[in-house]
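Chemist: sequence plus the predicted model coming up.
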Amino acid sequence: MSRISVLIPDAEAQIGARVARCLKASDQVILHGLSRNRSAPFRHSSLFTTFECSRDGIELDPWLERVEQIVAKRLIDVVLPISDFGIRALSEHGRLLACSDRLVQLPDHYIFDMATNKAALANF
């Protein structure tokens, strides 16, 4: 059986280690990470086959470009955002990316905004 290549584009998230351990528990996943934080604690983890840090820090457009570059270079099958930033950014801008067919299903950005805002959710 062939292995699936997964990119976590926001691997600096606190939940990153848990997600990485769950995915690596299966021998069917090759895990790649991207972080907006150059001092991400997982950058030396054996859970990731490759781990890269965004050169431009937290800027959105360069981060999106970097995601596309990694997908093309590493032949990524699935892009799996795990943080609020990653989910929100890719739900709003993901359709514009050349690798949009590699994204997991994400909520519309306005629904995500409402679900992550207690006051907006209560009003709904």
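Modeler: Sure thing, it's come through. Residues are numbered from 1 along each chain as shown.
Chemist: contacts for the longest strand along the chain?
Modeler: Counting by DSSP state E, the longest strand found in the chain is strand 29-35. Here strand 29-35 makes contact (CB atoms under 8 Å, 6 or more residues apart in numbering) with 3-12, 16, 20, 23-24, 40, 42-43, 45, 47-54, 66-67, 70, 74, 76. In this view, the C-beta of every residue, glycine as well, is placed from N, C-alpha and C.
Chemist: and what of stretch 91-105?
Modeler: 60, 64, 67-68, 71-72, 76-81, 90, 106-109, 112.
Chemist: okay, buried residues for it please.
Modeler: Residues of stretch 91-105 classed as buried under the neighbour-count rule (16 or more other CB atoms under 10 Å) are 91-94, 97, 99, 102-103.
Chemist: average pLDDT across the longest strand of the chain?
Modeler: The average pLDDT within strand 29-35 is 94.
Chemist: brilliant, that's me finished.
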